[in-house]
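K.L.:
Sequence first, predicted coordinates after that:
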Amino acid sequence: MCKNTAVSNPLLQSWAAQPFHLPPFEEINPTHFQPALEAAMKAHIADLEAIASSTETDFDSILGAYDRAGSLYSKVGGVYGNYISSLNTPDMQEVQSAMAPILSRHRTKCYNIPGLFEKVTSMYDVREEMANKGEWTDEQVRLAERVYTAFVRMGVKLNEEEKKEYGDIQVELATLQTKFMQNILKDEETWVMVITAQDMAGCPEDLVAAARQAAIDRGHEGEDEYVITLGRSLVEPFLTYSTRRDLRKKAFDAWTSRGELSEERDNLSIATKILRLRKRQANLMGHTTFSNFQTEDTMAQTPENVMNLCTDVWERAKEAANKEREMMETFLSEKGDELEGGIQPWDWRFYAEQVRQANFNFDESELKPYLSLDAVTNAVFDVSNKLYGLKYVKRDDIKAYHKDVNVYEVRRAKKDSPDEDELVAIFLHDNFSRAHKSSGAWMSEYRSQTKNLIAGSDPIEGIPIVSNNNNFAKGSGATLLSFDDGTTLFHEMGHGHHGMLSDATYEYLASTSVLKDFVELPSQLMEHWLEEPVVLKEHAKHYKTGETVPDDLLARLKAASLFNEGFATVEYTACALLDMAVHSLSEYDDDFDLSEFEKKYLAEIGMPQGIVMRHRPAHFAHLFASSSYASGYYVYQWAQVLDNDVFAAFQETGDVFDAETAERCRKCIYSAGNTVAPQDLFKAFRGREPDTSFFLKNKGMA
């Protein structure tokens, strides 16, 4: 790895000359990251050592300084984290592999600096006293509690031998998790199904165009070459519309085998090693299983509480899915068709679509021309404006890390001067699937909101830089989205709002730094507005003619909306249940076989015929590419209880854009971050505990 000095390394230089102090994207290359991260880690440790050795005992000198510590590390790390997700080229993957253990050692070291935990503990011990005296704010008390909890959960109370083992476990986990993700990325980059126009029989025009564009992008430029990749926005529509059962099976088998397509990329063995390490990590922390350790610091608090919710939903979802399969079997029988082996997983989406069209007269391809990427983007920006007063100003003059990324200023009227507006955030929108980009969709930040800046800092440093990533299949002309794609775009904007609207004093508590089973509430809440006719009538315009989506089509969309909900809920809930089950094992014997565990567990809980898990273990990145969602995939369902209840509050006013409810939502759901415990934020908004009835009703499972 070549050396880079601060003089020549753009990551270590001042970014003050860049618009809004954005990273100098055009100057950055992979060789800059390792030396920049090494310099940033050194500076971070120096900041923390200064706190530990200081004789000052006031809040700002300890916890305020702790929150400010590592500003260079946050700055460089923000760019690094985004690059290894959005632009993870082979050169970048080399850097990632080299840095994973080094960064893990750094994180462990940060919690074990002599004297630092004692300083944190001194703040934690007096928090109630200082609050009662009126000398600390509630947010300062919360910061003391959250920092103390983080130190304890990182093993600072262990003896020296155990601390070393704990640190070694973290290093090995970081290395394995990095390899797990890179293996998925490699499978998604290298596997393609090259077919002809004739092979795309049954596929709508926009899917054919996207497959042609994918072929060109991957060097298959023959006149009659089309490509299906393992990107969800290509493979799912192909499974839905292709009349070629053999090709559906071929695509499905590869898609559900990511992470095990090559003997060189055996993610099942990596995942098993990760499970054993996590179990040992939990044991060191006094827990028999990783699920007990992981849920301890969540709203759910115990695996049992998680399983109670998921099992209740599971039984209802199975019943719904089995009815859906029966409808498809009846459809086939009435047509006089027979399927060898019955409805298989590569058949479900295809025949579900056939039944949807026959029973509800709704064809997804009929709706897509009204849901161009431009139209849905305009819709989400307009909803954002109506609810929270945000305005998006596109900056074509600002170049990001890839030509497809759009950059926006996000502005809003000043509270004390409504005729003037002010900058709230910078927003990067990266919508298209491409090589070297992780699959799925996510929100991230290059810079988080804070009011606790280092003295003399430019105030712009407290303004967040928020990024939303999607993986839509890029069309040769307009990019047309399915309703699910549109929902994903709205979902990620909900996360984006969590970052943009953050109003915390301390960065440690800002934005999405909340308990894991609260973090999906802001995102899933935003999805509801795409389903509202008032939004669709204003923004769903035909990409060629400009015609507004017909009322009749919207009525048919609504009528068909709950069909196949059983399937969707089963494929998700199976993942949540297996996640909790596999992390609740107290032992993983030498002959433990994760694939066999999956097979047996799904049989045990009665997995309906014709459905597989949405994420099978070898590509279950939520679980094995990091520990963040391990024993935590349930959080989407937990948050669905919350988001359906919160949206009901809007509906109860008779206006889904009710200003008073929106302001309360901004304050309690989007702006508070982790400054208040999540259960208290929900109560502040709703005036009571969550009610599951709204969730079950909207799922059609009441």
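P.N.:
Good, I have the coordinates.
K.L.:
If the residue positioned nearest the centre of the chain is in a bridge, with which residues?
P.N.:
Nearest to the geometric centre of the chain sits W442, at 4.0 Å (C-alpha atoms, centre = their mean). Residues in a beta bridge with W442, per DSSP bridges, are N469.
K.L.:
do you know how far it is from S242?
P.N.:
For W442, the distance to S242 equals 28 Å [C-beta to C-beta, to the nearest Å]. All C-beta spots, glycine's among them, are computed from the backbone N, C-alpha and C.
K.L.:
for I62, same thing?
P.N.:
Distance from I62 to S242, by C-beta to C-beta: 61 Å.
K.L.:
pretty sure the residue nearest to the centre of the chain is in contact with E492, am I right?
P.N.:
Yes - assessed by C-beta atoms under 8 Å, W442 is found in contact with E492 at 7.1 Å.
K.L.:
any common contacting residues for those two?
P.N.:
N468, N469 (C-beta atoms under 8 Å, 6 or more residues apart in numbering).
K.L.:
can you pull the contacts of L577?
P.N.:
M307, C310, T311, W314, Y601, I605.
K.L.:
Surely the last one touches W314?
P.N.:
Yes - in this structure, I605 is within contact of W314 by C-beta under 8 Å, at 6.7 Å.
K.L.:
where do the contact lists of these two overlap?
P.N.:
With C-beta under 8 Å, 6+ apart, I605 and W314 have common neighbours A574, L577.
K.L.:
Return the residues in contact with the residue nearest to the centre of the chain.
P.N.:
With C-beta under 8 Å, 6+ apart, W442 has these contacts: S85, N468, N469, E492, H495.
K.L.:
S584 now?
P.N.:
Neighbours of S584 in contact, by C-beta under 8 Å, 6+ apart: T289, F290, S291, N292, P303, S631.
K.L.:
Mind checking which of those land in helices?
P.N.:
F290, S291, N292, P303 (DSSP state H).
K.L.:
So for the closest residue to S693 other than its chain neighbours, what pLDDT did the model give?
P.N.:
In this structure, S693 finds its nearest non-sequential neighbour in A702, 6.6 Å apart by C-beta to C-beta, 6 or more residues apart in numbering. You'll see A702 listed with a pLDDT of 83.
K.L.:
Checking my notes, T149 in a helix, right?
P.N.:
Yes - according to DSSP: H, G, I helix; E, B strand; the rest coil, T149 belongs to a helix.
K.L.:
who's in contact with it?
P.N.:
D297 are the contacts of T149 under C-beta under 8 Å, 6+ apart.
K.L.:
Please apply the same query to T178.
P.N.:
By C-beta under 8 Å, 6+ apart, the neighbours of T178 are Q96, S97, A100, A625.
K.L.:
cool, R127 as well?
P.N.:
W136, Q140, V141, A144, E145.
K.L.:
who wins for neighbours among the residues you listed?
P.N.:
A144 (25 neighbours; other C-beta atoms under 10 Å).
K.L.:
pretty sure that one is in contact with S122, am I right?
P.N.:
No - contact criterion C-beta under 8 Å: A144 and S122 do not qualify, at 9.6 Å.
K.L.:
give the contact list for F252.
P.N.:
V235, L239, P345, W346.
K.L.:
what sits against the last one?
P.N.:
Spelled out, it's W346. Neighbours of W346 in contact, by C-beta under 8 Å, 6+ apart: L239, R245, R248, K249, A251, F252, D253.
K.L.:
Could you list the low-pLDDT ranges of the protein?
P.N.:
Counting by pLDDT under 70, the chain has low-confidence residues at 1-6.
K.L.:
how about the strands in it?
P.N.:
Using DSSP state E, the strands of the chain run over residues 193-195, 226-228, 391-394, 406-413, 421-432, 442-447, 465-472.
K.L.:
can I get these in JSON lines with distance to A672?
P.N.:
Shown next, in JSON lines, are these (distance: least, C-beta to C-beta, whole Å):
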{"stretch": "strand 193-195", "distance to A672": "47"}
{"stretch": "strand 226-228", "distance to A672": "44"}
{"stretch": "strand 391-394", "distance to A672": "23"}
{"stretch": "strand 406-413", "distance to A672": "17"}
{"stretch": "strand 421-432", "distance to A672": "16"}
{"stretch": "strand 442-447", "distance to A672": "17"}
{"stretch": "strand 465-472", "distance to A672": "17"}
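K.L.:
Nearest to A211, out of those?
P.N.:
strand 226-228 (4.1 Å; C-beta to C-beta).
K.L.:
Adjacent strands (with direction) for the closest one?
P.N.:
Going by DSSP bridges, the partners of strand 226-228 are strand 193-195 (antiparallel).
K.L.:
Sort out which residues of the partner strand are buried, please.
P.N.:
M193, I195 (16 or more other C-beta atoms under 10 Å).
K.L.:
distance between it and the chain's centre?
P.N.:
30 Å (C-alpha atoms, centre = their mean, to the nearest Å).
K.L.:
what's the answer for stretch 146-155, then?
P.N.:
24 Å.
K.L.:
could we number from 134 for the rest of this?
P.N.:
All right, first residue 134 from here; so that's stretch 279-288.
K.L.:
May I have that stretch as PDB, with CA atoms only?
P.N.:
Provided in PDB are the C-alpha atoms of stretch 279-288 (Å, rounded to 0.1, in the frame of the first residue of the first chain):
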ATOM      1  CA  ARG A 279     -25.800   5.500  26.400                       C
ATOM      2  CA  VAL A 280     -22.000   6.000  26.500                       C
ATOM      3  CA  TYR A 281     -21.700   4.000  29.700                       C
ATOM      4  CA  THR A 282     -23.900   1.200  28.200                       C
ATOM      5  CA  ALA A 283     -21.700   1.100  25.100                       C
ATOM      6  CA  PHE A 284     -18.500   0.700  27.200                       C
ATOM      7  CA  VAL A 285     -20.000  -2.100  29.200                       C
ATOM      8  CA  ARG A 286     -21.300  -4.000  26.200                       C
ATOM      9  CA  MET A 287     -17.800  -3.700  24.700                       C
ATOM     10  CA  GLY A 288     -16.400  -5.700  27.600                       C
END
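K.L.:
Can you give me the buried ones in that stretch?
P.N.:
Applying 16+ other C-beta under 10 Å to stretch 279-288 flags R279, V280, Y281, F284, V285, M287, G288 as buried.
K.L.:
any idea how far the closest residue to the third one other than its chain neighbours is from W269?
P.N.:
Which is Y281. Closest residue in space to Y281, ignoring its immediate chain neighbours: Y257 at 4.0 Å, by C-beta to C-beta, 6+ apart. Noted for Y257: a distance of 12 Å to W269, by C-beta to C-beta.
K.L.:
again, but for D726
P.N.:
D726 is 53 Å from W269, by C-beta to C-beta.
K.L.:
returning to that earlier point: would you mind listing which of the ones in helices among the contacts of S717 are buried?
P.N.:
F423, S424, N425, P436.
K.L.:
list the contacts for the last one?
P.N.:
Okay, so that is P436. T422, S424, N425, T428, M713, S717, S764.
K.L.:
show me what contacts the closest residue to it other than its chain neighbours?
P.N.:
Excluding the flanking residues, the one nearest P436 by C-beta to C-beta, 6+ apart is S424, at 4.3 Å. With contact taken as C-beta under 8 Å, 6+ apart, S424 is in contact with P436, M713, H716, S717, S764.
K.L.:
which one among those residues gets closest to N455?
P.N.:
Distances from N455 to the contacts of S424, taken by C-beta to C-beta, are shortest for M713, at 23.0 Å.
K.L.:
isn't Y199 right next to E182, touching?
P.N.:
No - with contacts counted by C-beta under 8 Å, Y199 stays clear of E182, the gap being 11.9 Å.
K.L.:
Please identify which of those two sits among more neighbours.
P.N.:
More neighbours surround Y199 than the other of Y199 and E182, with 22 against 15 (other C-beta under 10 Å).
K.L.:
got the contact list for that one?
P.N.:
Y199 is in contact with L181, I184, V253, V280, Y641, counting by C-beta under 8 Å, 6+ apart.
K.L.:
next one: I598
P.N.:
F153, L155, G211, A558, I559, L561, E578, Y579, R580.
K.L.:
Okay then, goodbye and thanks.
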